[in-house]
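Colleague: take this sequence and fold it.
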Amino acid sequence: MFERLHSEIKNKNKELTKGAGKGAKLVDKARNTSQKHIELLGEKTAAFDSHGGKVTAHDDPYVLQRGVYHRLNKQIQEENANRQDMIAVQNSFAQFEAHVINTFQQGMNQFNQVLAHQAEQTRGIYGDMAATSSRISPDFEWNGFMKRNQHMLIDPNGPARSIEGTSFPNRDHRATQPLIAGSLEKKGKLLGKYDTAYYVITPSKFLHEFKTDDDFAKDPVPENSLYLPDCVVGALDGAKFNVKGKDTSKSSFANKLSMTHEFKFKAHTIPDAEKWYQTIQSVCGQTTNELPEADGMSPTTSTGGSGAAHPGYPQTVEEKEAAQAYGSNTMGNTGSAGYGNAGAAGYGNTASAGVPGTGAPTGAYGETSHLANTSAHNAAAGPAHGVDTFDRA
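Modeller: Next up, the predicted model:
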């Protein structure tokens with residue numbers, strides 16, 4: 001009986017060594033991962049301060065802070081799981097200690113029965129020993145162990161950790177606090193439907209697009225990132241406004257190859273739109289008086305006559321350089337509104353404004369230079385013809 005009990009104690013010791021050790025390793029790994037990202041946030045916030053807020057989209061302290069929250073949440077989950085495992089081990093050991101005491105009691109009773117035929121004196125001695133052992137409470141050893149090792153054991157009645165009560169360096173740094181954040185609707189490029197997403201303008205002057213504002217479900221990586229000083233914002237029309245720029249959320253090489261797009265936004269209310277528009281205006285590179293197009297209309301519709309319609313947005317430095325390198329002139333054609341080829345206004349090649357021998361160089365993405373198009377427009381169309389809908393303002 002005691003040999004079997006001895007084997008059970010050895011197996012219990014192995015179970016404790018393997019089970020508790022595995023959970024502790026997972027906790028250490030999660031803590032190391034969290035610490036690395038907290039240190040990375042510290043580096044990038046310091047770089048934000050030393051470089052005047054000029055950082056890349058991947059190094060934006062706001063994005064890094066959300067990544068820290070994500071990894072801290074995983075760390076706390078591992079800690080709480082390990083805590084529950086340790087509590088379960090503690091409870092099982094309390095039961096095992098009671099089992100040890102019961103087995104010992106049974107063994108002593110059997111031993112007393114074996115020696116019952118011996119002399120009364122000897123039997124009395126062993127009877128006293130059995131009586132003494134029987135008075136031992138099943139939780140005697142466990143209670144003593146608890147008192148001797150209170151500094152090592154976990155209190156089952158203590159509260160579990162939560163992300164709300166967790167702090168880390170640079171948590172409240174000014175680079176991590178958004179200038180404005182909330183949901184906006186963006187018009188899709190293919191179906192033309194408005195989809196709602198979560199948008200943030202950070203002190204680094206990025207406009208980030210996220211699917212949700214949840215930091216815990218998955219790593220919060222921006223779907224799109226616009227560096228507003230390189231963007232052009234149009235005029236506010238009710239709850240709608242447009243921003244033209246390049247998505248910089250990809251790698252450095254991919255950002256160089258990305259094209260300029262016009263992002264069409266709509267706020268839920270007009271006051272919300274005014275707040276977003278004012279914030280974007282305060283950090284954007286250029287502004288125009290161009291109103292957002294009406295739903296279902298071509299962005300380069302002409303009201304009549306001949307003349308080259310144009311998007312109306314100022315060109316960026318990259319577009320001007322591309323225009324000088326790849327610009328081409330069309331000779332003797334009459335432009336028409338739409339998205340066409342040579343001789344058609346809009347996002348195709350440029351056209352002369354009904355005057356043979358004149359033309360304007362194309363932009364980096366097939367757009368007509370604003371100044372060249374305007375001069376051709378004024379020279380050929382006159383005040384009554386070739387009015388571009390993007391020059392309403």
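
Colleague: strands along this protein, start to end?
Modeller: 180-187, 194-201, 206-210, 224-227, 232-233, 240-246, 260-266, 286-287 (DSSP state E).

Colleague: and the last one, what does it pack onto?
Modeller: Looking back up the chat, that one is strand 286-287. Applying 3 or more CB pairs under 8 Å, 6 or more residues apart in numbering; DSSP states H and E, one finds that strand 286-287 contacts strand 232-233. (Each C-beta comes from the backbone N, C-alpha and C, glycine too.)

Colleague: so residue 259 sits right up against residue 189, yeah?
Modeller: No. The pair residue 259 / residue 189 is not scored as a contact, 11.6 Å apart, by CB atoms under 8 Å.

Colleague: want to throw the strands of the chain into JSON lines with distance to residue 14?
Modeller: Formatted as JSON lines, the strands of the chain follow (distance: least, CB to CB, whole Å):
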{"stretch": "strand 180-187", "distance to residue 14": "53"}
{"stretch": "strand 194-201", "distance to residue 14": "50"}
{"stretch": "strand 206-210", "distance to residue 14": "48"}
{"stretch": "strand 224-227", "distance to residue 14": "53"}
{"stretch": "strand 232-233", "distance to residue 14": "67"}
{"stretch": "strand 240-246", "distance to residue 14": "60"}
{"stretch": "strand 260-266", "distance to residue 14": "61"}
{"stretch": "strand 286-287", "distance to residue 14": "71"}
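
Colleague: to residue 93, which of those strands lies closest?
Modeller: Closest approach to residue 93 among the strands of the chain (CB to CB): strand 206-210, 46.8 Å.

Colleague: okay, and for the stretch 251-393 of the chain, where does confidence drop off?
Modeller: 252-258, 294-393 (pLDDT under 70).

Colleague: let's see 50
Modeller: 296-393 (pLDDT under 50).

Colleague: ok so, going back, between the strands of the chain, which gets nearest to residue 130?
Modeller: That would be strand 206-210 among those, by CB to CB, at 72.3 Å.

Colleague: quick one: average pLDDT of that closest one?
Modeller: Mean pLDDT, strand 206-210: 94.

Colleague: before we move on, what about stretch 93-100?
Modeller: Here stretch 93-100 scores 85 as its mean pLDDT.

Colleague: do you know how far residue 199 is from residue 25?
Modeller: Applying CB to CB, to the nearest Å, the value for residue 199 to residue 25 is 40 Å.

Colleague: so which of the two has more stuff around it?
Modeller: residue 199 (24 against 12; other CB atoms under 10 Å).

Colleague: let me see the contact set for that one.
Modeller: Contact analysis of residue 199 by CB atoms under 8 Å, 6 or more residues apart in numbering lists 181, 182, 183, 184, 207, 208, 209, 210.

Colleague: sort out which of those residues are buried, if you could.
Modeller: Among those, those buried by neighbour count (16 or more other CB atoms under 10 Å) are 184, 207, 208, 209, 210.

Colleague: got these as CSV, with distance to residue 157 columns?
Modeller: CSV is the format used below for the buried ones among the contacts of residue 199 (distance: CB to CB, whole Å):
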residue, distance to residue 157
184, 46
207, 48
208, 43
209, 45
210, 39
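
Colleague: which one of the residues you listed sits closest to residue 146?
Modeller: residue 210 (48.4 Å).
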